[in-house]
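In: sequence-free structure coming up:
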């Protein structure tokens, strides 16, 4: 029996240790760092940068020397005949003879080296590849800002539901105690039945809200896990608390700093779009310039009536060719001019879009700043209201059991307290969320 108990407790300890190893603890900063590496959207944004780097080199490589080789084997199953005058071969005048020129089989091996000497499109292509890489980097920066914002929101929502459940459980315990005491007083004939019923109504409402909050808590954890790039049902524990995070995010000096629109990611992306439109216009113009390339080809050829190309006595004939190609656009029936005009129109649109983005960002920054300042003011207000509601509820509870206040008045005070509690929790979350919203718009997260 003793050995069985030892085995049982050893197994229990092993299971508990394994379960603890699977638990992941996160502070808010740890969660943000983890998400920036493991969030699926963030990982794809990093892959886009790598793809842009490869595309940049792909574009660069088109202007570098190109080397290719080929082997061409032909077997004329039925050779094509050439017709010539018979007199050319000593035959009678006026007659023709059909001749098979060349041997039935041939093998030609060649190597070609080519080099682009000048192409305006290639120059623009190099510039465009660099801009495309910059676009990918800015897209990654924007993705990281949005992921950070999503993590902060998800983290705050989990803490909100945790606090809600904790407060509701305390309220439920207090209500249950009041109900039990009131029921005893009623049974002794010293209290009206309505008082018991009022408390039952309040307790029923608390129970319903508590059950819903527990369900929301599970969903909040699942959303948090997805945001971090974890499995939806991962065992996660948050180490920060809502009040501490709120205190860290109250910073009125932050709003006094001048925010530069030019430093925002959205402005940089709009600038990228304008630059790309400028390059497209430049590309259409450069297409009107000549292109020049050179090549050199060398190889060996062999001919035979049968396949003897692998024989040691097979004769191979070497050759080499050098050449250059100059291509000059002359006339395109107005197509080129139309492309240039269309590119010019798109550039003008991009310039207006940049101006519109600048104005919208100024408005968004002003609005986000106002929202953040209001959230801080509301936090102070809701905190004071909660303190008042707690004192009022406590006074009414004392008055109720002393027979001075009615059950209806007590219920009103309790309902006011519960509303103040939730308002205060939401006010703390609003401070955190509005701070990160302002940081996201202004690119001030670091």
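Out: Right, received. Where do you want to start? Just so you know, these numbers come straight off a predicted model, no measurement behind them. Numbers count the residues shown, from 1 in each chain.
In: name all residues that make contact with the residue of the chain most remote from its centre.
Out: The C-alpha centroid of the chain is most remote from residue 92, which lies 85.1 Å away (C-alpha atoms, centre = their mean). Residues near residue 92 by C-beta atoms under 8 Å, 6 or more residues apart in numbering: residue 86. C-beta coordinates here come from the backbone N, C-alpha and C atoms, glycine included.
In: give the helix, strand or coil label for it.
Out: For residue 92, the secondary structure call by DSSP: H, G, I helix; E, B strand; the rest coil comes out as coil.
In: how close does it get to residue 85?
Out: Between residue 92 and residue 85 the distance, using C-beta to C-beta, to the nearest Å, works out to 10 Å.
In: how about residue 36?
Out: Per C-beta to C-beta, residue 36 is found 84 Å from residue 85.
In: more neighbours: the two, which one.
Out: residue 36 (19 against 13; other C-beta atoms under 10 Å).
In: confirm that that one sits in a helix.
Out: Yes. Residue 36: assigned to a helix according to three-state DSSP.
In: ok, now which ones touch it?
Out: With C-beta under 8 Å, 6+ apart, residue 36 has these contacts: 42, 144, 147, 148.
In: which element is residue 230 on?
Out: Counting by DSSP states H and E, residue 230 is held by no secondary-structure element, helix or strand.
In: for it, grab the count of nearby residues.
Out: Neighbours of residue 230 using other C-beta under 10 Å come to 19.
In: look up how far residue 315 lies from residue 103.
Out: Counting by C-beta to C-beta, the gap from residue 103 to residue 315 is 11 Å.
In: hmm, back to that, tell me the pLDDT of the residue farthest from the centre of the chain.
Out: In this model, residue 92 is scored at 79, pLDDT.
In: can you start the count at 83 instead of 1 from here on
Out: Sounds good: first residue 83 from here, last item residue 174.
In: report the separation between it and residue 207.
Out: To residue 207, residue 174 is 65 Å away according to C-beta to C-beta.
In: that older thread, and the residue farthest from the centre of the chain, backbone torsions?
Out: In terms of degrees, to the nearest 10, the main-chain angles of residue 174 are phi -70, psi 150.
In: so which residues of this protein form strands?
Out: Using DSSP state E, the strands of the chain run over 106-108, 148-157, 163-167, 178-182, 187-200, 318-320, 373-386, 399-409.
In: I'd like to know how far residue 397 sits from residue 391.
Out: Per C-beta to C-beta, residue 397 is found 10 Å from residue 391.
In: neighbour-wise, which of those two wins?
Out: Neighbours were counted for residue 397 and for residue 391 using other C-beta under 10 Å; residue 391 has more, 15 against 11.
In: surely that one touches residue 385?
Out: No. With contact defined as C-beta atoms under 8 Å, residue 391 does not count as touching residue 385 (9.3 Å).
In: now the common contact residues for those two.
Out: Going by C-beta under 8 Å, 6+ apart, residues that sit against residue 391 and also against residue 385 are 187, 189.
In: low-confidence ranges, this structure, go.
Out: 83-103, 527-528 (pLDDT under 70).
In: now do the helices in it.
Out: Secondary structure of the chain (DSSP state H): helices at 84-103, 110-120, 122-143, 202-269, 275-310, 324-330, 334-338, 347-368, 417-484, 489-524.
In: could you dump the ones you listed to a markdown table with distance to residue 162?
Out: Converted to a markdown table, these look like this (distance: least, C-beta to C-beta, whole Å):
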| stretch | distance to residue 162 |
| --- | --- |
| helix 84-103 | 79 |
| helix 110-120 | 66 |
| helix 122-143 | 41 |
| helix 202-269 | 41 |
| helix 275-310 | 69 |
| helix 324-330 | 86 |
| helix 334-338 | 85 |
| helix 347-368 | 45 |
| helix 417-484 | 41 |
| helix 489-524 | 73 |
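In: cool, thanks, signing off.
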